[in-house]
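> Show me how the following folds:
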Amino acid sequence: MVNTPVFRLTKWTLTAVVWRSFFLQACWNFQRMQNLGFCFAISPVIKALHRAPRARQKAIARHLEFFNTHPYCASIILGVVAKLEEQAAQAGDDEAREAVRVKIGMMGPLAALGDVVYWAMLRPALALVGVSLVLFGDYDQVWLVVLGPICFVGLYSIAHLGLRIGGIFLGYKRGVEIVKELHRFSPQQIARCLSFFMAVMLGMAIPAYPLLKGWRVLDSRMLGVVLMALLVGLMYFGLRRRISVAWLFYGLVGLAILAAYAGLF
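From the prediction side, this is the model:
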């Protein structure tokens, strides 16, 4: 039976890859980690491009090798691999070495990018926003208590679902050119921006909480506003001194405990 390639993958095929990509870690294993999930996600592409059973077997086998990356960023790799598999099928290349090489080369950098942006910075930052809304809520402002978790889950879902869905179509559209575009994104720069955002939120939230609650702040609300500005400045100074946000957070919590013990709040 002749292996007859389909010269262009359809949106339905890529949509099937999107759906399957959510199960990337369903069969995670210690030996090859996400290889089964990646193979399961890319299977619609293999079935669409290859008709001969032998060609399908070879394509499946090359995607059963070791694979591990950030589960959100894997969508970009799936899109690029789908494009390269399509090009290899058009050229009559059953090996598709370029697809394997690019997949191996992209999984490490994208794993680092996803870990820094999503899990180390974005999720804690949005959680801080949600917790702040809950803390500012009261019996007369129940909507803030409800809005807190909705804000956290909603914003984070938009961020990660946008990448998981759009990344496959973007990777397929750009192909290997997306590698050059990804070089423009610096994980360190993104981390610094998110760290500054979290520091400002912490510096504003801690002194603003007693003010909005009507607590006594040295019998002066104006002093509380000054304290807010001072803490924001201290957080900014700490970031410039390359102090981690975690240590800044613990320091602010310690100061708040000492202030409460001293009767300032």
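> can you pull the contacts of the closest residue to residue 111 other than its chain neighbours?
Leaving aside its sequence neighbours, residue 111 sits nearest to residue 69 (Cβ to Cβ, 6 or more residues apart in numbering; 4.3 Å). The way it works is simple: take the backbone N, C-alpha and C, and place the C-beta from them, glycine included. By Cβ atoms under 8 Å, 6 or more residues apart in numbering, the residues touching residue 69 are 34, 77, 106, 107, 108, 110, 111, 114.
> what does residue 20 give?
Contacts of residue 20 (Cβ under 8 Å, 6+ apart): 40, 41, 43, 44.
> Model confidence score at the residue nearest to residue 111, please.
Note for residue 69: predicted pLDDT of 93.
> What separation do you get for residue 25 and residue 135?
33 Å (Cβ to Cβ, to the nearest Å).
> ugh, typo on my part, it should be residue 76
37 Å.
> So these two - more neighbours on which side?
Neighbours per residue, other Cβ atoms under 10 Å: of residue 76 and residue 135, the larger number sits with residue 76, 27 against 17.
> Against which helices or strands is the helix or strand harbouring the more buried one packed?
Assigned by DSSP states H and E, residue 76 belongs to helix 74-90. For helix 74-90, the packing partners by 3 or more Cβ pairs under 8 Å, 6 or more residues apart in numbering; DSSP states H and E come out as helix 11-21, helix 35-49, helix 97-114, helix 142-174, helix 177-182.
> Give me the distance from it to the chain's centre.
Relative to the centre of its chain, helix 74-90 is centred 22 Å away, using Cα atoms, centre = their mean, to the nearest Å.
> for that helix, what is the average pLDDT?
pLDDT averaged over helix 74-90 gives 92.
> Which positions in that helix come out as buried?
Judged by neighbour count (16 or more other Cβ atoms under 10 Å), helix 74-90 contains these buried residues: 74-89.
> now it against helix 97-114, angle please.
Inter-element angle recorded for helix 74-90 and helix 97-114: 170 degrees (by axes from the mean of the first three to the mean of the last three Cα atoms, to 10 degrees).
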